[in-house]
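Peer 1: Generate coordinates for the sequence data below:
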Amino acid sequence: MSKAIIFGAGGQTGYYLSRLLSDRGVHVVKTSLHGSDVPVDVACFSAVENLIGRCQPAMLFHLASKSTTQHDAVFDNHAAIATGALNILEAARRHAPQARIFIAGSGLQFVNTGEPIAEDAPFEASSPYAVARISAAYAARYYRKRGLAVYVGYLFHHESPRRPPQYVSQQVAQAVRAIAAGRKQRLDIGDLTVRREWTFAGDVAEAIAILTQQDRVMEAVIGSGQGYTIEQWIEACFSSVQLDWKRYVHTIPGFQPDYQRLVSNPGRIFSLGWKPFMPLGELAGLMVAGATPSRHAGG
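Peer 2: Just a heads-up that it's a prediction; the model follows:
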């Protein structure tokens, strides 16, 4: 049985990737700082090296992060994302040089002009989070030149019932659930015209698996290429409980979003045979219900 280590398995992407690999007969070692997974701090080289040396994995996935662009998280982001990537790559070079390694990137680390973003777009250090992601991507490219099979997947927005509550997708879903139950009267939200992707995290996990199966080591944007406004997400969530969203939603005056449109150009990952499966309405219904789907991805 082949082995895989997922660093940052406690997040939504790690959860669905772990399920997918386990269903395919892979022995998955799940690490995180909290919860029931193996408690490994990815920022500690000795801990990462000991685990990789002991397990001798065929696959390594770096999904650990502090997923916020706020400056207050500058050191947390650097430790989890950038230092974590270096630790995994160097430990793999020493102990598992034949392993296939996945480093997660983000659509937020690119220059965003509002046009669809592909993997060859220029980087932009627009936040501490972007800085850490850019550092991890360059580390991947360096170790690729040292002979490691290092894949980078730039993940655009992806959602699931396991999304943390600070994200707008989950804020809306939880508010709609509370309104439908009579525990809440209204939803206050920012700019309804912001357009982004709303892809199911289980489908994204499938794309990660497909990318790392390629004999040609590469980088790829992982996203749907389909943008929806926050208004459309709100409407889909309220529709799942047969309510008219316009009766409950109030916009916040003067709200300034970080961007107006963030959408991928997923031509490369589509060419490998992957496309997202779950439609917007089904995803919204699952999140409002708070139900984890029985399937992990792709039907």
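Peer 1: Quick one: mean pLDDT over the lengthiest helix in the chain.
Peer 2: Longest helix in the chain, counting residues (DSSP state H): helix 128-145. In this model, helix 128-145 carries a mean pLDDT of 97.
Peer 1: try stretch 165-173
Peer 2: Mean predicted lDDT for stretch 165-173 stands at 95.
Peer 1: contacts for the host helix or strand of Gln232?
Peer 2: Assigned by DSSP states H and E, Gln232 belongs to helix 230-239. Helix 230-239 has contacts (Cβ atoms under 8 Å, 6 or more residues apart in numbering) with 168-169, 172-173, 176, 187, 189-194, 196, 198, 244-245, 248-249, 280-281, 283-285, 287-288. Using the backbone N, CA and C atoms, a C-beta is placed for each residue, glycine as well.
Peer 1: does Glu49 belong to a helix or a strand, and which?
Peer 2: Using DSSP H and E, Glu49 maps to helix 45-55.
Peer 1: Parallel or antiparallel, list what pairs with the next helix or strand after that helix.
Peer 2: Per DSSP H and E, the first helix or strand lying C-terminal to helix 45-55 is strand 59-62. On the basis of DSSP bridges, the sheet neighbours of strand 59-62 come out as strand 3-7 (parallel), strand 100-106 (parallel).
Peer 1: and whichever helix or strand comes after strand 59-62, C-alpha only, in PDB?
Peer 2: Next helix or strand after strand 59-62 toward the C-terminus (DSSP H and E): helix 74-77. Output of helix 74-77 as PDB, limited to C-alpha atoms (Å, rounded to 0.1, in the frame of the first residue of the first chain):
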ATOM      1  CA  VAL A  74       2.500  37.800   8.800                       C
ATOM      2  CA  PHE A  75       4.600  35.500  10.900                       C
ATOM      3  CA  ASP A  76       2.000  32.700  11.000                       C
ATOM      4  CA  ASN A  77       1.600  32.700   7.300                       C
END
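Peer 1: buried residues in helix 74-77?
Peer 2: 76-77 (16 or more other Cβ atoms under 10 Å).
Peer 1: which helices and strands sit right next to that helix?
Peer 2: helix 128-145 (3 or more Cβ pairs under 8 Å, 6 or more residues apart in numbering; DSSP states H and E).
Peer 1: Quick check, pLDDT for Leu86.
Peer 2: We have a pLDDT of 98 for Leu86.
Peer 1: Show me what whatever helix or strand it lives in packs onto, helices and strands only.
Peer 2: Per DSSP H and E, Leu86 falls inside helix 84-95. Here helix 84-95 touches helix 45-55, strand 59-62, strand 100-106, helix 128-145, going by 3+ Cβ pairs under 8 Å, 6+ apart.
Peer 1: give me that answer again for 6 Å
Peer 2: Applying 3 or more Cβ pairs under 6 Å, 6 or more residues apart in numbering; DSSP states H and E, one finds that helix 84-95 contacts helix 45-55, strand 59-62, helix 128-145.
Peer 1: Of the ones you listed, which is nearest Phe75?
Peer 2: Closest to Phe75 of these is helix 128-145 (Cβ to Cβ; 8.4 Å).
Peer 1: List the buried residues for that closest one?
Peer 2: Across helix 128-145, burial judged by 16+ other Cβ under 10 Å covers 128-137, 139-140, 143-144.
Peer 1: The helix holding Glu49: how far from the chain's middle?
Peer 2: From the chain centre to the centre of helix 45-55 is a distance of 24 Å (Cα atoms, centre = their mean, to the nearest Å).
Peer 1: Could you check the angle the helix holding Leu86 makes with helix 128-145?
Peer 2: Relative orientation of helix 84-95 and helix 128-145, computed by axes from the mean of the first three to the mean of the last three Cα atoms, to 10 degrees: 20 degrees.
Peer 1: how long is stretch 150-165 from one end to the other?
Peer 2: Taking Cα to Cα, to the nearest Å, stretch 150-165 runs 32 Å from one end to the other.
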